[in-house]
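Trainee: Have a look at this fold, sequence not included:
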């Protein structure tokens, strides 16, 4: 298998782990508001940890060689600001009144917030696929494979969080699982771009990583945390956030060492 095909297949495998993570919703019971807030808190923790450990820090590392420490910090700052501004504009333009609630009592604003969360996860997955592609495009198969496995492990809890959010909003189990799986399918697109255009991807990588982080941080602060604190379930939501943050931190930091060659 040539290096281009291997990079695309590896990024596809990492993306499909989002769907694997969503599979438990096919067998569970309906989700209460308390459980939904806990899982949304968990999702916020996953996204918060991933923003720093999977996106901002690697983005700074990728930019430092070209721009130096100060330049890398400025690139990261600009990328984060652009990502947050993009989702802020999207949030303003999104037609809340066009969302029809499937769960009894679900408002258009509630469903709009949920779909913004789904969009943020999708945005987050693209630069991860790009990173996998760049890893293989650089010619080091072992490092590319290690990166793909680490990102795949991170994607599983994200897929579960997306599927549970959709299920809580009244979507069916199969539909929730399929939508969650679809959020990971942008990774092979990023992987193909990365492995085919490694020189361009290396220059764009810090921007893509930090842009995704800014988008996710906006969603966490502006949408998810306020939503989980509206129904008196602050303690559950906070516990979920801490659990998600700790789990993703362990995966981000330890997984590359687990699967490093040799």
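Mentor: Everything's here; your move. None of these values were measured; they are calculated from a predicted model.

Trainee: rest of the way, CA atoms for contacts and neighbours
Mentor: Will do.

Trainee: in the longest helix along the chain, what's buried?
Mentor: For the chain, the helix with the greatest residue count under DSSP state H is helix 57-93. Judged by neighbour count (16 or more other Cα atoms under 10 Å), helix 57-93 contains these buried residues: 57-64, 72-73, 75-88, 91.

Trainee: and what of stretch 215-225?
Mentor: Per 16+ other Cα under 10 Å, stretch 215-225 contains these buried residues: 215-220, 223-225.

Trainee: among those, which one has the lowest pLDDT?
Mentor: Among those, residue 223 has the lowest pLDDT, at 75.

Trainee: Quick check: the closest residue to that residue other than its chain neighbours vs residue 228, distance?
Mentor: Distances taken as Cα to Cα, 6 or more residues apart in numbering place residue 113 nearest to residue 223, at 6.1 Å, with adjacent residues excluded. Here residue 113 is placed at a distance of 11 Å from residue 228 (Cα to Cα, to the nearest Å).

Trainee: Who are the packing partners of the worst-scoring helix or strand of the chain on mean pLDDT?
Mentor: Within the chain, no helix or strand scores below helix 108-137, which has a mean of 76 by mean pLDDT, DSSP states H and E. Packing partners of helix 108-137 (3 or more Cα pairs under 8 Å, 6 or more residues apart in numbering; DSSP states H and E): helix 3-22, helix 141-168, helix 173-183, helix 187-196, helix 198-219.

Trainee: looking only at pLDDT, what's the mean for the helix or strand hosting residue 38?
Mentor: Assigned by DSSP states H and E, residue 38 belongs to helix 33-50. The pLDDT scores in helix 33-50 average 81.

Trainee: Give me the contact list for it.
Mentor: If you take Cα atoms under 8 Å, 6 or more residues apart in numbering as the criterion, helix 33-50 is touched by 157-158, 161-162, 164-165, 168, 213, 216-217, 220, 224-225, 227-229, 233, 236-249, 252.
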